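Visitor: Provided below for reference: sequence and predicted model.
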Amino acid sequence: SSRKAVVKAGKPVTAEQVSASLNAGRLLEAKQLAEAYLRHGGADAGKLLTNIEQRMKTEAVHVFARGSHSFRHEQLAKAIDDWSRAVALQPDEGEYREALHRAEQMQERLSVLRGKTESPPSTASEQQGVE
């Protein structure tokens, strides 16, 4: 029927499966399913794909902003996680890739610097000369 498409493994993809992935927030999976559905003549596949791509763009903007907030608050690991998600959702967005690249470089440098620190950081009482 026109409501089914076939993925590489030979299993049919239905509009309901695409919608279920989309509604569950599994946007990358939903896009892959919708593309398979479209390739095999699924009814309204183009409309589904457009909806998914818009959701992916919106989500990418949101997680990129959240990553930027984390970065400004010196939460580098959280920023990298969010920016990685933004890049996965919108791989052609140069700003997202560049921010992720810079943050990953910074994380590597910090890791190297921490590795070179042989003594533990001093405590506040040691800094004040209190024994």
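Guide: On my side now, so go ahead. The shown structure was predicted, so the numbers you read here are calculated from the model rather than taken from an experiment.

Visitor: quick one: Lys31 and Met56 touch, right?
Guide: Yes: using Cβ atoms under 8 Å as the test, Lys31 is close enough to Met56 to be in contact (6.7 Å). Any C-beta I mention is one placed from the backbone N, CA and C, and that applies to glycine too.

Visitor: residue boundaries of the strands in the chain?
Guide: Listed in chain order, the strands found in the chain under DSSP state E are 4-6, 12-14.

Visitor: Between these, which has the poorest mean confidence score?
Guide: Comparing mean pLDDT across the strands of the chain, the lowest value falls on strand 4-6: a mean of 46.

Visitor: Show the low-confidence segments of this structure, by residue range.
Guide: Applying pLDDT under 70 to the chain flags residues 1-10, 117-131.

Visitor: try 80 this time
Guide: When residues are selected by pLDDT under 80, those of the chain lie in 1-11, 116-131.
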